[in-house]
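Asks: Using only what follows, build the 3D model:
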Amino acid sequence: MQWKELLSEKRYRENPSRKKTVKGSDLRSEFEKDYHRIIGSASFRRLQDKTQVFPLDKSDFIRTRLTHSLEVSSFAKSLGQNIGENILRYHKNTGFLPRMKDDISNILQCAGLIHDIGNPPFGHFGETAIREWFRRNLGNYSLLGKPIDSILTDRMRQDLYHFEGNAQALRLVSKLHFLVDESGMNLTYALLNTIIKYPVSSVEIDPKGNNIKNKKMGYYLADEDIFNEITKETGTGNLRHPLTFILEAADDIAYKTADIEDAVIKGFLTYEKILGELEEMEARFKPPEESYFIPSRKFAELYRVGKERHAGDPQEYAIKNWIVRLQGFLIHCATFGFTNNYDAILNGEYSKDIFYGTFGEKIMDLLGDLAFREVFCSDAIYKMEVAEGTMLNFLMDRFIRAAVLYTADDKSMDTLDQRMISFISGNYKRAYHFHAQGKSEEEKLYLRLLLVTDYICGMTDSFAKRLYQELNALI
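Replies: Model prediction:
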């Protein structure tokens, strides 16, 4: 792969009615223009009311998808600056020009903002609930006397059974922002390719394999055209874009450190518990002798400082300050991981994440395991997930039933189903009708099912809860 192609500024379509910019009046790069398209979008604003871990939390401290995305954007840009400077300083690639350092930083900054933009309400549990709904219920609905799961092709069924927020993000930004035309936000191909974490279809997934790029579905059959167009232009094919490794590392740093900090604030974890886990991890996997950051030592030191300074809560003082230092260390580890495996990444031969083989890998594994054991498996989270599942199952039941029969004239639908379809955003319905033109009946049915997931994924947590309550006449 070559950086000249990887950093493609091409867009799916230029608006033919757009006036040509007066030469010299707009000095922004194409990737800086992407940034402004994103932050001005309704989908980005909705992230402020989508959960990261704790749904519908009233605290102004606990993170939302919006604050998480801003953090990922910041870490990704910093990593891009570090890695770009390393490529230039050590002459790793003669085709990497000085301006490309700024380009990759701007691309990564944008990618951080939209990497979760396709996620449904209620976080990753929302994804699970939608997948499981399709597996349980797809065969229970019929069209013209035939179960709809028998009408769909295997690829279409697998898309639904493996519903994925990552694939939804590509779909959302490339097709569903149907404000000007069918090209969505019309973002650059370099940016779109960066957010495709898994460049495989639903029938190519290999979750137990050794290559990280095959773990999940990266695009729907409905969006295969734009996937092929993007990857042909950037030269990646079915390989990961190099910047995707960096984006993933930034995401991992943000959510794994944030989950621990939020868990302490919410009372799931204590200073003593975290310190004990760190010391046990370091006894099994000794930090490199030259490491400037020993996690347990720094955490204990900050706790002592908090007590000496008579902080209101030494535990909170320690965790907040420790997280900042830990994030800096993890950025260092990710930078090393990428630059140390630079040739393999550019050749499409690298199959791990960029923490692999660094001490940061051990820390990240511990943070993820600790959050899973102490937070995600707690009764409090389970209770929230049961409530969330109840709401999403109800919405899926009602909207799928209506969507199966939905046509342009609505003649085959009863009054209740027509009302349900009327709730769906006009933008999404216009996108459906545009992309359904000339398609077979099975393809139209598949697109109508995606119309429902499009609408539900566009909901905020509060809206999903409110709509559920209103449709059930709950006050």
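
Asks: Stretch 420-439 - what's its average pLDDT?
Replies: Stretch 420-439 shows a mean pLDDT of 92.

Asks: Oh, that last question was meant for stretch 244-259, not what I typed.
Replies: Here the average pLDDT along stretch 244-259 is 97.

Asks: Equivalent analysis for stretch 137-149, please.
Replies: 91.

Asks: and if you look at stretch 67-85?
Replies: pLDDT averaged over stretch 67-85 gives 96.

Asks: Name the residues of it that come out as buried.
Replies: Within stretch 67-85, the residues scored as buried using 16 or more other CB atoms under 10 Å are 67-84. C-beta coordinates here come from the backbone N, C-alpha and C atoms, glycine included.

Asks: same deal with stretch 128-143?
Replies: For stretch 128-143, a neighbour-count test (16+ other CB under 10 Å) marks 128-130, 132-134, 137-138, 141, 143 as buried.

Asks: Make a markdown table from the residues you listed and add secondary structure and distance to residue 281 to it.
Replies: Formatted as a markdown table, the buried residues of stretch 128-143 follow (DSSP: H, G, I helix; E, B strand; the rest coil; distance: CB to CB, whole Å):
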| residue | secondary structure | distance to residue 281 |
| --- | --- | --- |
| 128 | helix | 28 |
| 129 | helix | 33 |
| 130 | helix | 35 |
| 132 | helix | 33 |
| 133 | helix | 38 |
| 134 | helix | 39 |
| 137 | helix | 43 |
| 138 | helix | 43 |
| 141 | coil | 49 |
| 143 | strand | 54 |
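
Asks: and the gap between the residue of the chain positioned farthest from its centre and residue 446?
Replies: Within the chain, the residue lying farthest from the chain centre (CA atoms, centre = their mean) is residue 308, at 40.9 Å. Here the criterion is CB to CB, to the nearest Å. By it, residue 308 lies 63 Å from residue 446.

Asks: Between the two ends of stretch 146-158, what distance do you get?
Replies: One end of stretch 146-158 to the other measures 19 Å (CA to CA, to the nearest Å).

Asks: Please identify the buried residues of it?
Replies: For stretch 146-158, using 16+ other CB under 10 Å, the buried residues are 148-149, 151-152, 156-158.

Asks: tell me the contacts of the spatially most central residue of the chain?
Replies: Computing the C-alpha centroid of the chain and ranking residues by CA atoms, centre = their mean puts residue 116 first, at 2.9 Å. By CB atoms under 8 Å, 6 or more residues apart in numbering, the contact set of residue 116 is 47, 50, 65, 68-69, 72, 165, 169.

Asks: hang on, the earlier thing: okay, and which of the buried residues of stretch 146-158 map to helices?
Replies: Among the buried residues of stretch 146-158, the members found in helices (DSSP state H) are 148-149, 151, 156-158.

Asks: Just send the residues you listed back as a markdown table, with distance to residue 173 too.
Replies: Shown next, in a markdown table, are those (distance: CB to CB, whole Å):
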| residue | distance to residue 173 |
| --- | --- |
| 148 | 28 |
| 149 | 29 |
| 151 | 29 |
| 156 | 22 |
| 157 | 25 |
| 158 | 23 |
